[in-house]
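1. my questions concern the predicted model and sequence given below.
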Amino acid sequence: MLTLYIGNKNYSSWSMRPWVLLKQAGIPFKEVMVRFDAFNSPDSDFKRAVLAVNPAGRVPVLVDDGFAVWDTLAIAEYVAEKFPDKRLWPQDAQARARARSVCAEMHSGFGALRNACPMNIEAQLATAGAIAWRDQAAVRADVQRIIDMWTQLLEAHKGPMLFGEFTIADAYYAPVCMRIRNYALPVPGHITDYIRRVCALPGVKAWMDDALAEKDFIDFDEPYRISR
């Protein structure tokens, strides 16, 4: 069986992507959650645990019969090749290339949105979102790019997901849905509708339910408040 090492579900957007992908696709896997800590401290339990399976010292990590794959795009590609019957990428060649493009764009971009609105599924952060929206043009630009991208894909593939049926792209943007939703960032109605559909996916709902049940407070992941 596959083993997926992840961080806290409330905070770890990178971990969310492959977990949701496997869960939504119905691929069995064992989960190992490694709680976030100070990371670089000499006493970091997180680093010790993760370095045992990943020389980069980060989550997520997928382990298949002793073979480790890290980085969310590499994990997604590995799983898509291992389970071709699941059709995790679009079947059309151009749609598949576009799906890879938008995943790569998420992988390397949207830094302003990530920094201003770190994922926190448990918290309602409309005030923090309003301040970021008011003060940071780069956040507004990131959100506009996401609106434009999703609008084009939903129109081209007729929904309900970005490429019609659920694909890696929807799993990849699920944490963005969490950010827009919990920070109450202003987006058009059809984008809100897509976010609702993503949140209703069984794999996404399962992650959200687990995140809400964690009841863990990692202070450096929540610069906008001093306690839960």
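-> Yep, that arrived.

2. just the element for Met106, please.
-> If you go by DSSP states H and E, Met106 is part of helix 93-108.

3. after that helix comes which helix or strand?
-> Next element after helix 93-108 (DSSP H and E): helix 111-116.

4. flag every buried residue along the following helix or strand past that following helix.
-> Next along the chain after helix 111-116, taking DSSP H and E as the criterion, comes helix 126-135. Buried positions in helix 126-135, judged by neighbour count with 16 or more other CB atoms under 10 Å: 128-129, 132-133. In short, each C-beta sits where N, CA and C put it, glycine included.

5. what do you get for stretch 73-90?
-> Residues 73, 75-80, 86, 88-90 are the ones in stretch 73-90 that count as buried (16+ other CB under 10 Å).

6. okay, now the domains of this protein?
-> What the record gives for the chain is the domain set 2-86, 93-210, from automatic domain parsing.

7. coming back round to it: which other helices and strands contact the helix holding Met106?
-> Counting contacts by 3 or more CB pairs under 8 Å, 6 or more residues apart in numbering; DSSP states H and E, helix 93-108 packs against helix 72-82, helix 137-157, helix 168-182.

8. give me the mean pLDDT for it.
-> Here helix 93-108 scores 97 as its mean pLDDT.

9. hang on, Asp61 packs against Val53?
-> Rather than Asp, residue 61 is Val. Yes: under the criterion of CB atoms under 8 Å, Val61 makes contact with Val53 at 5.2 Å.

10. which neighbours do the two share?
-> 5, 68 (CB atoms under 8 Å, 6 or more residues apart in numbering).

11. did I read that right, Thr3 in a helix?
-> No: using DSSP: H, G, I helix; E, B strand; the rest coil, the secondary structure at Thr3 is strand, not a helix.

12. quick one: it and Val34, what's the gap?
-> Distance of Thr3 to Val34, given as CB to CB, to the nearest Å: 12 Å.

13. more neighbours, the two?
-> Val34 (22 against 16; other CB atoms under 10 Å).

14. residue with max distance from the center of the protein?
-> For the chain, the residue at maximal distance from the C-alpha centroid (CA atoms, centre = their mean) is Pro42, at 28.4 Å.

15. ok, it to Gln152 distance?
-> 48 Å.
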